[in-house]
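> Only the shape, not the letters, is given here:
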Ligand SMILES: Nc1ncnc2c1ncn2[C@@H]1O[C@H](COP(=O)(O)OP(=O)(O)O)[C@@H](O)[C@H]1O
Ligand SMILES: [Mg+2]
């Protein structure tokens, strides 16, 4: 059924430019499928823009701060406009890599060992580092697109890397650098869609390799079918651990020598024609338009249904009486 869809793009964060690319690709796909599309530029005044846009549903083409971390989802909940992707809590948890790791541990899912620290502790990093070793990865707890991420090879570089990661508004995560194959798994409607291995010429899958070319993609990954199945199950478990909805893309490393690890869950992954999730979908027989349509079908609001207990009055009756 054709609906009035507002495609929310732009936003407040460092990933604004990428978000507009996602938004334009999604808007074109939705129009091709006969939906009435309104482009909504997200930023200050979004609440007013949404009220006047008169849309049935919001397709979130936002990435990173404000758009992917539950805040815009909260606004849409208040306005009662259903939206694509995860709800408020799952979005907030996935966006904060430190909290997400706590939940992974609670669900017995392996994540890289490490510690977190705030900007004031940058000079103490060397003491806290213990036997974590080098190289290690330092990244913002609430970042994306590898912005603010460094691979640190020696003690002397540690506090600068921590200070840099803390510039993005949260704590810095310092992690053991896990060697192995970089994988990303697509999840759609609570099921594994497929996975992709990424090989890049740099030390980490950094901003340069993500958006400026030079990376190679292998679908399916160059691993045994059993190994792929295990990694995909781990990804689905991470998605469930955070309570995600609709779709997501989970980043992992298939280790050469140890446990495979979950790096993060992206609740609003890139959705241009050449982004990773659409690549995975294509391999699974789903065109870009099919994928966009399916994500739209899975849109909704957080479920907050409180059933009145038999024989009990409603809260308003109790207050009135
Ligand atoms: N602990 C780690 N060990 C090895 N590589 C890592 C580790 N953490 C991050 N990386 C590398 O940095 C990239 C970005 O890290 P990630 O945690 O996915 O954050 P984001 O993509 O949100 O910036 C990964 O794709 C991977 O190449
Ligand atoms: Mg990532």
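Structure's in. What do you need? Model, not experiment: these values are computed from the prediction. Ligands and ions are numbered 1, 2, ... in the order given.
> Which element, helix or strand, includes residue 94?
helix 88-95 (DSSP states H and E).
> Report the buried residues of that helix.
88, 90, 91, 92, 93, 94, 95 (16 or more other CB atoms under 10 Å). Every C-beta, even on glycine, is put in place using the N, C-alpha and C of the backbone.
> Quick one: mean pLDDT over that helix.
Across helix 88-95, the average pLDDT comes to 98.
> Enumerate residues external to whatever helix or strand comes next after that helix that contact any of its residues.
For helix 88-95, the succeeding helix or strand toward the C-terminus, using DSSP H and E, is helix 97-106. Residues from elsewhere that reach helix 97-106 (CB atoms under 8 Å, 6 or more residues apart in numbering): 92-94, 110-111, 116, 139, 141-142, 170-171, 173, 238, 241-242, 262, 264-265.
> separation between residue 193 and residue 70?
24 Å (CB to CB, to the nearest Å).
> my bad, residue 157
33 Å.
> What's the per-residue pLDDT of residue 209 here?
Listed pLDDT for residue 209 reads 75.
> from what I can see, it looks like it's in a helix, true?
Yes - the assignment for residue 209 (DSSP: H, G, I helix; E, B strand; the rest coil) places it in a helix.
> how much space between it and residue 202?
For residue 209 relative to residue 202 (CB to CB), the value is 5 Å.
> Between these two, which is the more surrounded one?
Higher neighbour count among residue 209 and residue 202: residue 209, with 20 against 14, using other CB atoms under 10 Å.
> Which residue, other than its chain neighbours, is closest to that one?
residue 200 (3.9 Å; CB to CB, 6 or more residues apart in numbering).
> so who does the one you found touch?
Contact analysis of residue 200 by CB under 8 Å, 6+ apart lists 182, 206, 209, 214, 215, 216.
> and with 7 Å instead?
By CB atoms under 7 Å, 6 or more residues apart in numbering, the residues touching residue 200 are 209, 214, 215.
> how many neighbours does residue 232 have?
Neighbours of residue 232 (other CB under 10 Å): 23.
> you'd agree residue 193 is up against residue 187?
Yes - with contacts counted by CB atoms under 7 Å, residue 193 reaches residue 187, the gap being 6.4 Å.
> ok, these two, which is more surrounded?
Between residue 193 and residue 187, counted using other CB under 10 Å, the more crowded position is residue 187 (25 against 21).
> From ligand 1, how far off is the more buried one?
Separation of residue 187 from ligand 1 (CB to the nearest ligand atom, to the nearest Å): 15 Å.
> For residue 162, which residues are in contact?
117, 122, 125, 138, 172.
> try 8 Å this time
Here residue 162 is in contact with 117, 119, 121, 122, 125, 138, 172, 174 (CB under 8 Å, 6+ apart).
> Beta-bridge partners for residue 9, please?
residue 41 (DSSP bridges).
> which parts of this structure sit against ligand 1?
112, 137, 139, 143-146, 149, 175, 177-178, 182, 204-205, 251, 253, 263-264 (CB under 6 Å from any ligand atom).
> One more pass at 5 Å, please.
Proximity of the chain to ligand 1 is confined to 112, 137, 144, 146, 175, 177, 178, 204, 205, 251, 263, 264 under the rule CB under 5 Å from any ligand atom.
> packing partners for the helix or strand hosting residue 77?
Assigned by DSSP H and E, residue 77 falls within helix 71-79. Applying 3 or more CB pairs under 8 Å, 6 or more residues apart in numbering; DSSP states H and E, one finds that helix 71-79 makes contact with helix 46-53, strand 57-60, helix 88-95.
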